[in-house]
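In: quick check, what structure comes out for this input:
(chains A and B)
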Amino acid sequence: MPHNLIITGVGGQGNVLASQIVGMAAVDREFRVTIGETFGLSQRGGPVMSHIRLSKEKNYGPLIPPNMAHFIIGLEPLETIRILLEYGNEETIFIVNSRPIYPLNVIAGDVEYPDLEKVRSAISESGGTLYWLDATQRAVEMGDPILLNMIMLGALCGLSPFPLEIQDFKNVLKKVFATTKLEINYRALDMGLKLITEYEN
Amino acid sequence: MTRMTQRKGGSVVLLQGNEAIARGALEGGAIFCAAYPGNPSSEIIETLAEASKDLPIYVEWSVNEKVALEAATAASFTGCRALVSMKQNGVNVTSDFLTNLTLSGTKGGIILISCDDPSGISSTNEEDSRLFSRLADIPLLEPATPQEALDMTKWALELSEKIKQIVMLRSVSRLSHTRSNVVLGNLPDFKQRPHFDVSSPFHTFPIIEKHIQRHQKLEQAREMFEESPFNPYRGPSKPELLIISSGCAWTYIGEALDLLGLSHRVGLLKLGTTWPLPKRLLKKHLQMCDRILFLEDVDPFLEDNVKSLAADMGKEIGLKEFMGKASGHVPDYGEQSPGVVMGVLGKLFDLDWERKRYRDKVTPWEEGLIPPREFGFCAGCPHRGSYYAIKTALAWDGKEGFVSGDIGCYSMGLFPTGFNQVKSVHAMGSGVGLASGYGKLEQFGFDQPVVTVCGDSTFFHAGIPALINAKFNASDILLLILDNSATAMTGFQPHPGTGNTAMGTPTEPVDVEALCRSLQVHVEVGDPYDMRDTARTLYRLMKMDGPRVLILRRKCALVQKREEGFPYLMEVDQDKCLGESCGCGRYCTRIFRCPGLIWDKEKGKASIDEVICVGCGICAEICPEKAIRMEARI
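Out: Residues are numbered from 1 along each chain as shown, chains lettered A, B, ... in the order given. Alright, predicted model coming up:
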């Protein structure tokens, strides 16, 4: 059985880069990696979902079978609950960023954005473990909301069943970011890890 | 030197399907690579363009797919190797040349990559381009993984050169956008010197003889496919059910069989060489079992062709029960997925595989809780201004006017983000062709005004002939060229109007305005950010006859933001905003729908989302109370 991870969010949140970093780190640790990316019209505000599958034995297909995600990183609450039925199960571990990105139809008043407390309780009552983080808030405090994806990856490293460590990601960042941007991204990873280790339900 | 251009093979890297195709083309020695951008194929040429910095290859964005294939074929005719890539719609565009090229044959190895888009994730259709391989007798390969994408692309170039015929490789969005470990091979030295042998011309005459040769080439390919390592079988020697699959769909089946505990009961034959079918290989496997299930992406291509083959072999292999799209066991639309595959197998074997307890628990929470995420133009997008002006002008006119739409970001004019002004969208340039037709309907009593919109890249691709048609036939057409200086939808590839090529070489830009003026049609230029003035211009142009062009020129907001930024800081003066009591019915957020303009629920008034608003300033015009203020950025 591979490790099945989903990163879900909205175009512009750095989803694809985050999944690539996980993939590159896993290749360095000699995992067989398959990442399936769905990003249609993402630049135009659509949902973006990456399926990441890590195994020591073989390459799996690019899509996770129904209800078989072990880890779900939700960069946005609505996009997380959107995939709860299809991919979640009683043991899924969720790391969810609490900050909504309102769809146009919500801004326009055509439909309501779901009540955040309801989203939160639906995810936690689905059976799995939920880490509900104010990660965008932390990213803004660190100087740039784009750091959100690194905070979430750092948080992922804090989960004991996840097979990669924060140093694996840091090694990859050296290949991905310019030297000037390295330090802040390292700090974002550390921040994420800290949020998980100090998390109180 | 990057991971794509490292000469020595052996290393394992994480590659996207499209990157793997590009690496395969390099390992196969393709020195001429051409394409028109289109999701999900665009990354192939982008990757090769990047590689051209380190390697002696030529890469171009062509004006359309037909020209791309023609240009790449010049390399083949002179004995060099070439690649051309496109999305499924592009194969239609290139098909006129393609179906003749397969009669003349080719020389240097040449491969056509078609990246199909099952479920139409980023397309106007989910056409299955594999049908062209049958139509024109083209050998067809279907990779299932990024590793196979690399290996098959490389091998296809050899195959093509051997049988002197173009070879097709079909990817799908899921594979093109999948990343996985890929083992690289060595790069060749790229020492090919083009020479056209004038004693061996390329044409389709005599047609019958060339048609016969085309079939002979197909037979040559079939012989090689019989022994191909791309067609593996897994499962028992006497399975209860044989599944025949190809491409990305295959990657779900092995796992589904394991999860359902069916691996010892069901056989799985994967075909990587799907046209022409390897007859002996199929005979061997069809003899193993009497129940056959087909699982493939979009059309029943394998299904129909294997069934036809089985009919020919009927006497030897006996009667079979075939299950697939024709029998209704498998949906005959949309992308395959683990869920679809497990659903089909679960039903066939009567297995209870769904996590019913979990699903029953979660389903009610999801119901009514999850709104769809509506697509919209970006904050600052000039198309919003263009459509707002169109909406205004058509409303002034009041005669049920509408927009004949085309392919690009502005196709979203179909939706609320473009005020639902667009009433038809089909293929590249088709909006202009349709408008040319509407413009001749007046003589029959048609009195609705039609505005057609076309982006700059789309105009170059297929809009020009339709505009010339309108000029030639004196059609009453009003064409808006939405010139944002970018092929924005597919990721900002250069086009003839941008002033640089795929390889980054500066080039004299084609001047859209001068080009239109050379046709001696009425041409004006406007600014989509000036919505009121644009609406007035449009209204005036609507009252004129004959072909008219209005070029609405503004850089794509994403490019503007990256290059120079925007001039304003926006603010809603909440003392001026009357909120729900205004009578405007939340016009700014409900109708104008810029993601940077939001509704402050607590105060019941409009507000600016400072993270999303770029500061283009155009919304200041729409508020009846003038509550939206713009202030120059310092």
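In: so how many other residues sit close to B:T99?
Out: When counting by other C-beta atoms under 10 Å in any protein chain shown, one arrives at 15 neighbours for B:T99. From N, CA and C alone the C-beta is placed, and that goes for glycine too.
In: which helix runs longest in the chain?
Out: Since no chain was named, I'll use chain A. Criterion DSSP state H: the longest helix present in chain A is helix A:179-197.
In: I was after chain B.
Out: The longest helix of chain B (DSSP H) is helix B:207-226.
In: residue nearest the centroid of chain A?
Out: Centroid-nearest residue in chain A, with C-alpha atoms, centre = their mean: A:I73, separated by 2.9 Å.
In: lowest-confidence helix or strand of chain A?
Out: helix A:104-107 (a mean of 90; mean pLDDT, DSSP states H and E).
In: can you give the distance from it to the centre of its chain?
Out: Its chain's C-alpha centre and that of helix A:104-107 lie 24 Å apart, by C-alpha atoms, centre = their mean, to the nearest Å.
In: run through who's touching it.
Out: A:45, A:111-113, B:371-376, B:416-417, B:589, B:593, B:595, B:597-599 (C-beta atoms under 8 Å, 6 or more residues apart in numbering or on different chains).
In: what sits up against the helix or strand containing B:E255?
Out: For B:E255, the host element (DSSP states H and E) is helix B:247-260. Identification of contacts with helix B:247-260 by C-beta under 8 Å, 6+ apart yields A:60-63, A:65, B:142-145, B:170-172, B:174-175, B:178, B:234-235, B:243, B:245, B:262-263, B:266, B:268, B:270, B:295-297, B:336-338, B:341-342, B:345-346, B:349, B:351, B:353.
In: so which elements touch the longest helix of chain A?
Out: Helices and strands touching helix A:179-197, by 3 or more C-beta pairs under 8 Å, 6 or more residues apart in numbering or on different chains; DSSP states H and E, are strand A:129-133, helix A:135-141, helix A:148-157, helix A:166-176.
In: tell me what angle the first one forms with helix A:148-157.
Out: Between the direction of strand A:129-133 and that of helix A:148-157, the angle (axes from the mean of the first three to the mean of the last three C-alpha atoms, to 10 degrees) works out to 150 degrees.
In: tell me the mean pLDDT for strand A:129-133?
Out: Mean pLDDT, computed over strand A:129-133, is 97.
In: dump the C-alpha coordinates for it into CSV.
Out: Extracted in CSV, the C-alpha atoms of strand A:129-133 (Å, rounded to 0.1, in the frame of the first residue of the first chain):
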residue,chain,number,x,y,z
THR,A,129,-7.8,13.6,12.7
LEU,A,130,-8.1,17.2,11.9
TYR,A,131,-5.5,19.9,12.3
TRP,A,132,-7.3,23.2,11.7
LEU,A,133,-4.6,25.9,11.2
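In: out of the contacts of helix B:247-260, which are inside strands?
Out: Mapping the contacts of helix B:247-260 onto strands (DSSP state E) picks out B:R170, B:S171, B:V172, B:T178, B:R234, B:I243, B:S245, B:V266, B:L268, B:K270, B:L295.
In: most neighbours among those residues, which one is it?
Out: When neighbours are counted by other C-beta under 10 Å, B:S171 leads those with 34 neighbours.
In: which pLDDT value goes with it?
Out: The predicted local confidence for B:S171 is 98.
In: do I have it right that it meets B:A149?
Out: Yes: between B:S171 and B:A149 there is a contact under C-beta atoms under 8 Å: 6.6 Å.
In: need the overlap of contacts for those two.
Out: Shared contacts of B:S171 and B:A149 (C-beta under 8 Å, 6+ apart): B:G17, B:N18, B:I21, B:P143.
In: most widely separated two among the residues you listed?
Out: B:N18 and B:P143 (11.1 Å; C-beta to C-beta).
In: shared neighbours, those two?
Out: With C-beta under 8 Å, 6+ apart as the test, B:N18 and B:P143 both reach B:A149, B:S171.
In: using CSV, list the CA coordinates for the longest helix of chain A.
Out: Written as CSV, here are the backbone C-alpha positions of helix A:179-197 (Å, rounded to 0.1, in the frame of the first residue of the first chain):
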residue,chain,number,x,y,z
THR,A,179,19.2,31.7,-2.4
THR,A,180,17.6,35.0,-1.4
LYS,A,181,14.2,33.3,-0.9
LEU,A,182,15.5,30.2,0.9
GLU,A,183,15.7,31.5,4.4
ILE,A,184,12.0,32.7,4.5
ASN,A,185,10.8,29.4,3.0
TYR,A,186,12.8,27.4,5.6
ARG,A,187,11.2,29.4,8.3
ALA,A,188,7.8,28.8,6.8
LEU,A,189,8.5,25.0,6.9
ASP,A,190,9.6,25.3,10.5
MET,A,191,6.5,27.3,11.4
GLY,A,192,4.3,24.6,10.0
LEU,A,193,6.1,21.9,11.9
LYS,A,194,5.7,23.9,15.1
LEU,A,195,2.0,24.4,14.5
ILE,A,196,1.5,20.7,14.4
THR,A,197,3.7,19.8,17.4
